[in-house]
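# Following is a predicted model, sequence given first.
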Amino acid sequence: MLYVELLAQGLVQGSIYALVAVGLTLVYGLLRILHVAHAGLFTLGGYIGVLVTNATGSLLLALVVSMLVVGLLGMAIYRLCYQPILDKPPYVALIASIGLFIAMEEIYRIAFGPYGISYENPPLQDVVHIFGITLRLGEVAVGIGTLVLIGALALFASKTRFGTVWRATVTDPEMAESFGVDIIKVRYLNFFIGSALAAVAGVMVALLNNLVEPTMGSVPSYKALAIIVLGGLGDVRGTLLAALALGVIEAYGTIYLGNYLDRDAIAFAFLILVLMVRPQGLFGRA
Amino acid sequence: MLQLKNIDCGYGVFQAVHDLSFSIETGQVFALLGPNGAGKSSTIMSIAGHVKLFAGSIHFDGEDISSLPARERVKKGIAVAPEGRRLFPDLTIEENLTVGGYSKPKGKEAVNRDMVFSLFPRLTERLKQPAGTLSGGEQQMLAIGRAMMAEPRLLMIDEVSLGLMPKMVDVCYNAIHHLKSQGVTILLVEQNTKRALDVADQVCVLESGNAVWQGSAADAKKDPDLIEAFLGMTKESAA
């Protein structure tokens, strides 16, 4: 039963990685920018989730507010931070992004205090038994929520006209523009959706740990970078699978290798091993 | 319909085309010929709005479109099947056509798609197949079909026959003849001079970014110096 329980834990953790990493890989696909500050939006999502839940008692409302505010802020970051420097070499945007991320952490420290905040009445903490394994309701919610959101995103991207155009723009913006696509609009949409998903991940992590602190984005930030490399940069499906794989590997790894390597070291050992064998990523084309 | 007036264009500090002027009349097929690196693709992409003009102007239907963004030019009626086709490789045939018709109302998509399928029946056989897995000939058909989804009045096709089997070249040129008979104005870039001269009305020969010869295709076929010097054919094969 331990194996199954570890698998479930790994998939829950992997779902959270997936929600963060999808936005990152979308931005990379569209703009060839490593959007490090994305993890800062994840943190803000967590803060808004806790603050709104504590103020209103509704986790659902908190989730919606968090997605909207963080999504809009993601669009603002594109407009104010990236758009003016898009014609510069990629490292310029990378440096700007790292700077922004550090600034965001410091702003959270000033605004919300250095020690972090928690839910006054943490929701979804009850324990449920499914198929003989024990999970918290929050963990079940993470799994189901991720499925619903990613499923909706996949439907939008494959079944609607604008979704098709969006995927086309990610692979060749110039050609998409040749057929009348306003690529600025696509970029805004891209940042809104990616950032809103990161906000959901932030709310979920806050729920599982019952803690939001200024630096909670730092580990996810570099882990999400590892995941999008594993998934084949810009490849959404690869990123989702890589995120789930990493979550599961970490879950088993902490039990069997925990005495030698900690959780994050296991994740990066996995990254190094995979890239030695498949430099184009787990699912990328050569 | 289209006038280029003394255009200089290129990438960054590199100037690919010098002081080029020509005009294309409605319903004509106009061929841009010349060796690799002569500036043919740069010219096409500057008309599409992707290569910057350093000087000169481009007029379409009498209107100066020189500073119009690419997405507005397609709405005016200019569509391109570019060098290397540049299909969206992960998207299916069907989805590539959807993107091609994005500048038109959604309601016209089905009609235009049927038009493309009657032009290239082969595309109907694998609607759900990703464009990246198609053969070279099928990719060229899809690239032309994708451009036709925008209902262009000026269709620009870069390197029609490059890398295609002779049979596929025939299919593409049959389509070009058919579109010409429908009144579509066409700007071709081609290395296969004979094929281009057979369909073209007017010809412009470029070399190192300069126009070295302009005139009718009939005159081009009759000019032995031109054919030997720039187009790399013997007189017999051109006749």
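Perfect, thanks for sending it.

# And for the closest residue to A:L100 other than its chain neighbours, the neighbour number?
For A:L100, ignoring the flanking residues on the chain, the nearest one in space by Cβ to Cβ, 6 or more residues apart in numbering or on different chains is A:A37 at 4.1 Å. Every C-beta, even on glycine, is put in place using the N, C-alpha and C of the backbone. Applying other Cβ atoms under 10 Å in any protein chain shown, we find 25 other residues in the vicinity of A:A37.

# One more: B:S216?
B:S216 - counted by other Cβ under 10 Å - has 12 other residues nearby.

# Assess the claim that it and B:C204 are in contact.
No. Under the criterion of Cβ atoms under 8 Å, B:S216 is not in contact with B:C204, lying 11.0 Å apart.

# List the residues that contact the residue in chain A that chain B sits nearest to.
Closest approach between chain A and chain B, counting by Cβ to the nearest Cβ: A:G180, at 3.0 Å. Shown in contact with A:G180 (Cβ atoms under 8 Å, 6 or more residues apart in numbering or on different chains): B:R71, B:V74, B:K75, B:Y102, B:S103, B:A150.

# Helix, strand, or coil at it?
Assigned by DSSP: H, G, I helix; E, B strand; the rest coil, the conformation of A:G180 is coil.

# ok, and the closest non-adjacent residue to it?
B:S103 (3.0 Å).

# next one: A:E106
A:P214 (7.5 Å).

# And that neighbour, how far from A:L34?
According to Cβ to Cβ, to the nearest Å, A:P214 and A:L34 sit 22 Å apart.

# so where's chain B uncertain?
B:229-239 (pLDDT under 70).

# Any chance you could note which residues of it sit beside chain A?
Residues of chain B found near chain A (Cβ under 8 Å from any Cβ of the partner chain) are B:48-50, B:69-71, B:74-75, B:79-80, B:82, B:86, B:88-91, B:95-96, B:98-103, B:106, B:146, B:149-150.

# Narrow those to just the buried residues.
Buried subset of the residues of chain B next to chain A (neighbour count, 16 or more other Cβ atoms under 10 Å in any protein chain shown): B:48-50, B:70-71, B:74, B:79-80, B:82, B:86, B:88-91, B:95-96, B:98-103, B:146, B:149-150.

# coming back round to it: quick one, phi/psi of the residue of chain A closest to chain B?
For A:G180, the backbone dihedrals (degrees, to the nearest 10) come out as phi 100, psi 10.

# With B:L32 instead?
Dihedral angles (degrees, to the nearest 10) for B:L32: phi -100, psi 120.

# That one: how many residues sit nearby?
Residues near B:L32, counting by other Cβ under 10 Å: 26.

# wait, it sits on B:I186?
No. With contacts counted by Cβ under 8 Å, B:L32 stays clear of B:I186, the gap being 11.2 Å.

# what sits against B:L134?
B:L87, B:I93, B:R126, B:L142.

# Emit the ChimeraX select command for whichever of those are buried.
Those of those that count as buried under 16+ other Cβ under 10 Å are selected in ChimeraX with:
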select /B:87,93,142
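
# Same list (the contacts of B:L134) but as TSV, adding secondary structure.
Formatted as TSV, these follow (three-state DSSP):
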residue	secondary structure
B:L87	coil
B:I93	helix
B:R126	helix
B:L142	helix
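
# which of the contacts of B:L134 are the two that sit furthest away from each other?
By the measure Cβ to Cβ, B:L87 and B:R126 form the most distant pair in the contacts of B:L134, at 13.2 Å.

# what about residue 73, which helix or strand?
Since no chain was named, I'll use chain A. helix A:59-77 (DSSP states H and E).

# Oops, wrong one, chain B.
helix B:70-76.
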